[in-house]
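J.: let's see this in three dimensions:
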Amino acid sequence: MPPQDPEDLNISEIDAALAGTPFQGRLHHFRTIDSTNTYALEQARRIDRDAAPHGSFYFADEQTAGRGRSDHAWHSTAGEGLYLSVVLRPEIPVADLIWLPLIAGLAAHRAIHEVTALNIDLRWPNDLLIGNRKTGGILVEAHAEAGHASAAVIGIGINLHQQRFPPGLATEPTSLDLETGRHTSRQQLLIALLQSLHIEVAALGSEAARSAIPSRIAAISSWVQGRRVEVHGPQPCTGITDGLDSRGFLRVRTATGLVTVTTGGIRDLQD
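T.: Residues are numbered from 1 along each chain as shown. Got it, this is the predicted structure:
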């Protein structure tokens, strides 16, 4: 089945499905944009908070300069993926921002399974994989004031309809359609993702819910326990993953001891 036309979003259906969440009535839809995250962060930083209240979300059919972590380019062909950025105003300490990519990963896992029956693997801290193939990523950026995150933007990109990809990508890519052999509805996945994200964000106010996040991640990720990895970023090392600590940081057992990785990414060294 051919992909839906990029215009084929029913805004009233989306709003009705998001009733009871902070996302209802706060969709900003673009046929094309450089980056939804760049735009959302610009809006979130404006002095007038009404420009981007809590729950505002920005959805594009195409990005011309989509970004992943460390400013890696995100391939964003028109109508073939889900390109979404959400503005949250959680008023949390900057140190608690680590929870946002993790809960976004949990929300994406639930939403993709609900819509496609696929089980997504989470590569700490922000990649969505099927096997060793990448189908999505998460980028969290924040605006901080006096040590608190006055606004955070969660960007989520998911490959839906792509049948081919540009060469030279760091991780072999895939799309939901390639994995299922059938068409995935952008609108259905968008709704499921925002409904799931609402549940996760609402639970952040509970200490018990926050403390359960590491074990919830471990239950659906093959990367956080017992996998030989190379860590790239400010804390480069090689070792075996040893779970997440109570703050959601990745522990890696190296030849010289246990390293707690607070930022960066990991690459598989199983082979």
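
J.: what count of nearby residues applies to the closest residue to residue 125 other than its chain neighbours?
T.: With sequence-adjacent residues excluded and distances taken as Cβ to Cβ, 6 or more residues apart in numbering, residue 125 is closest to residue 101, at 4.9 Å. Where C-beta positions appear, they are placed from N, C-alpha and C, glycine not excepted. For residue 101, the count of nearby residues is 23 (other Cβ atoms under 10 Å).

J.: pull the distance from the helix or strand of the chain with the lowest mean pLDDT to the chain's centre.
T.: Least confident element among the helices and strands of the chain, by mean pLDDT, DSSP states H and E: strand 92-93 (a mean of 76). Distance of strand 92-93 from the chain centroid (Cα atoms, centre = their mean, to the nearest Å) equals 19 Å.

J.: for the very next helix or strand once past that strand, packing partners?
T.: Scanning forward in sequence from strand 92-93 by DSSP states H and E, the next helix or strand is helix 99-116. On a contact count with 3 or more Cβ pairs under 8 Å, 6 or more residues apart in numbering; DSSP states H and E, helix 99-116 meets strand 121-123, strand 127-130, strand 133-145, strand 148-159, helix 176-180, helix 186-203, helix 207-220.

J.: in the stretch 51-200 of the chain, where is pLDDT below threshold?
T.: Along the stretch 51-200 of the chain, segments meeting pLDDT under 70 span 66-76, 78, 146-147.

J.: grab the nearest non-local neighbour of residue 113.
T.: Nearest residue to residue 113, sequence neighbours excluded (Cβ to Cβ, 6+ apart): residue 119, at 6.1 Å.

J.: that neighbour: neighbour count?
T.: Around residue 119 there are 10 residues (other Cβ under 10 Å).

J.: how close does it sit to residue 241?
T.: Separation of residue 119 from residue 241 (Cβ to Cβ, to the nearest Å) stands at 19 Å.

J.: and if you look at residue 35?
T.: Distance from residue 35 to residue 241, by Cβ to Cβ: 31 Å.

J.: and residue 148, how many neighbours?
T.: Residue 148 has 14 neighbouring residues, counting by other Cβ under 10 Å.

J.: deepest of the helices and strands packed on helix 99-116, which one?
T.: strand 148-159 (a mean of 24; mean count of other Cβ atoms under 10 Å).

J.: what angle do helix 186-203 and that one make with each other?
T.: 150 degrees (axes from the mean of the first three to the mean of the last three Cα atoms, to 10 degrees).

J.: so what strands line up beside strand 148-159?
T.: For strand 148-159, sheet partners with direction are given as strand 81-88 (antiparallel), strand 92-93 (antiparallel), strand 133-145 (antiparallel), following DSSP bridges.

J.: residue 251 falls within a strand, correct?
T.: Yes: under DSSP: H, G, I helix; E, B strand; the rest coil, residue 251 falls within a strand.

J.: residue 23 reaches residue 194, doesn't it?
T.: Yes: taking Cβ atoms under 8 Å as the definition, residue 23 is a contact partner of residue 194 at 4.9 Å.

J.: all set now, cheers.
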